[in-house]
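*Asks:* Give me the fold of what follows.
(chains A and B)
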Number of protein chains: 2
Amino acid sequence: MKSDHDHGHSAAIEIEDTTAVSKGKAPLLPSSSAPARYGSNEKGLAILDSIVRVCAAVAALASAGAMGNSDQTLPFFTQFFRFQASYDDITTFQFFVIGMAIVGGYLFLSLPFSIVCIARPRAIGPRFLLVVLDTVALTLATASGAAAAAIVYLAHNGNPSANWFAICQQFGDFCKNASGAVVGSFVSVVLIVALVVLSAVAIKRI
Amino acid sequence: MKSDHDHGHSAAIEIEDTTAVSKGKAPLLPSSSAPARYGSNEKGLAILDSIVRVCAAVAALASAGAMGNSDQTLPFFTQFFRFQASYDDITTFQFFVIGMAIVGGYLFLSLPFSIVCIARPRAIGPRFLLVVLDTVALTLATASGAAAAAIVYLAHNGNPSANWFAICQQFGDFCKNASGAVVGSFVSVVLIVALVVLSAVAIKRI
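*Replies:* This next block holds a predicted model:
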């Protein structure tokens, strides 16, 4: 009798009480009395988490790659100048490439933890680690995307008050690539927000 | 002995096991055997949540106010020009003021929900609502802060490749105010990250 108590909580409950206990309290309890019902729900959440995570990682790496390859050389030159625009002319775009690469790398590296949650839907540790790191990754991805968006907006529209001229009239392809990269980063941001909310739902259900 | 099992999980355990069980497994269980201890823990988390929330709201509104008041008129003028810089000359700074004002307003308006969590530490609904809305507010605050930071960096350093000149040499006070506002927004971002993590801890403990 004593070994039963040490081993599990429901194990000591008599047979005729099992249904009442599992109906009344089981959703809040990591009880071993109803593993199948709650397990499938949480397993579904964990699978969804992995899928969204892969999509967010692909979006982040694709946007980093799009920005990293966005150089353009104009087809005319003078004796002293070659007119060329590249992402590393603009510090904010360098930050964008590095930031989105870190976010994409983190999202791929965190996949094993997400898979652990599929295999063991009641494991609280990996989910909690994921929700904290996802929040930090969300901040980095949003900061990269928003900073690049501010510069892309300036490149498109310029700012007459500050005498900053629009450069997209000359470097159209460069601007198109940079804009596409910013859109990709925003897709990634939306997916990471979904990841954080999914993790909160999963923690709530455990 | 049977009525003990119906009432609580630890109640049926012999006296010599109580400490071991409560040390090892109790933090995950909403067991009825120790309501006072866990109630105070969760109440402490909820109080901390409210305090951090007020600090984040003050930081957000202060940064919006600092940016909103950052206009500067130079002490000389020509026949045709008055040299003046204001936050609404730059679209990104307008976005910053609006975004941080929304975030600050949301954080103050969400205080009642946080106070509900102090009064009822086991209420899962308000906490879940808060973690979702906090994540969205985090995205908005980070986007505002990062976009403004990109423009402030440009105003300080300029960009020779794109022929964007630094304007902070002329408008030093304007730049100082804008930089201060950006720093305030980053303080707010860090505090909102702490809020999301606190909510995740609280949901985990319920």
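*Asks:* Name the residues that touch the top strand by length along chain A?
*Replies:* Secondary structure of chain A per DSSP state E: the longest strand is strand A:72-77. Residues outside strand A:72-77 that contact it (Cβ atoms under 8 Å, 6 or more residues apart in numbering or on different chains): A:82, A:83, A:84, A:85, A:86, A:170, A:171, A:172, A:173, A:174, A:177. For glycine as for every other residue, the C-beta is placed from the backbone atoms N, C-alpha and C.
*Asks:* pLDDT wise, what is the third one at?
*Replies:* By that I understand residue A:84. We have a pLDDT of 78 for residue A:84.
*Asks:* What's the separation between the closest residue to it other than its chain neighbours and chain B?
*Replies:* With Cβ to Cβ, 6 or more residues apart in numbering or on different chains as the criterion, residue A:84 has its nearest non-adjacent residue at 4.5 Å, and that residue is residue A:73. Using Cβ to the nearest Cβ, to the nearest Å, residue A:73 is found at 13 Å from chain B.
*Asks:* Check residue A:192 too.
*Replies:* From residue A:192 to chain B the distance is 9 Å (Cβ to the nearest Cβ).
*Asks:* List the ones among the contacts of strand A:72-77 that fall in helices.
*Replies:* Among those, the members falling in helices (DSSP state H) are A:172, A:173, A:174, A:177.
*Asks:* per-residue confidence at the first one?
*Replies:* Same thing as residue A:172. 86.
*Asks:* what's around it, how many residues?
*Replies:* 11 (other Cβ atoms under 10 Å in any protein chain shown).
*Asks:* show me what contacts it?
*Replies:* Counted by Cβ under 8 Å, 6+ apart, residue A:172 has contacts residue A:72.
*Asks:* please redo it, this time with the cut-off set to 7 Å
*Replies:* Residues near residue A:172 by Cβ atoms under 7 Å, 6 or more residues apart in numbering or on different chains: none.
*Asks:* what does the last one give?
*Replies:* Residue A:177 makes contact with A:66, A:69, A:70 under the criterion Cβ under 7 Å, 6+ apart.
*Asks:* with the contacts of strand A:72-77 in mind, which one is nearest to chain B?
*Replies:* Ranked by distance to chain B (Cβ to the nearest Cβ), those are led by residue A:85 at 7.2 Å.
*Asks:* Assumed residue A:167 was part of a helix.
*Replies:* No - under DSSP: H, G, I helix; E, B strand; the rest coil, residue A:167 sits outside any helix and is assigned coil.
*Asks:* Give me the number of neighbouring residues for it.
*Replies:* Residue A:167 is flanked by 22 other residues according to other Cβ under 10 Å.
*Asks:* now it: how far from residue A:176?
*Replies:* 13 Å (Cβ to Cβ, to the nearest Å).
*Asks:* So what touches stretch A:91-108?
*Replies:* By Cβ under 7 Å, 6+ apart, stretch A:91-108 touches A:53, A:56-57, A:60-61, A:63-64, A:67-68, A:87-88, A:133, A:137, A:140-141, A:143-144, A:147-148, A:151, A:178, A:181, A:185, A:188, B:150, B:153.
*Asks:* Buried by neighbour count, from the contacts of residue A:177: which ones?
*Replies:* Neighbour counting by 16 or more other Cβ atoms under 10 Å in any protein chain shown classes A:66, A:70 among these as buried.
*Asks:* Now render the contacts of residue A:177 as TSV, adding distance to chain B, secondary structure and pLDDT.
*Replies:* What follows is the contacts of residue A:177, written out as TSV (distance: Cβ to the nearest Cβ, whole Å; DSSP: H, G, I helix; E, B strand; the rest coil; pLDDT from 0 to 100):
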residue	distance to chain B	secondary structure	pLDDT
A:66	18	helix	93
A:69	18	coil	88
A:70	14	coil	85
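*Asks:* could I get the contacts of residue A:177 as TSV with distance to residue B:192?
*Replies:* Below are the contacts of residue A:177 laid out as TSV (distance: Cβ to Cβ, whole Å):
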residue	distance to residue B:192
A:66	29
A:69	34
A:70	32
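*Asks:* Quick check, pLDDT for the residue positioned nearest the centre of chain A.
*Replies:* Taking Cα atoms, centre = their mean, the centroid of chain A lies closest to residue A:192, which sits 3.1 Å from it. Per-residue confidence at residue A:192 stands at 96 (pLDDT).
*Asks:* between the host helix or strand of it and strand A:72-77, how big is the angle?
*Replies:* If you go by DSSP states H and E, residue A:192 is part of helix A:172-205. Interaxial angle, helix A:172-205 versus strand A:72-77 (axes from the mean of the first three to the mean of the last three Cα atoms, to 10 degrees): 180 degrees.
*Asks:* Determine how far helix A:172-205 lies from the middle of the whole chain.
*Replies:* 6 Å (Cα atoms, centre = their mean, to the nearest Å).
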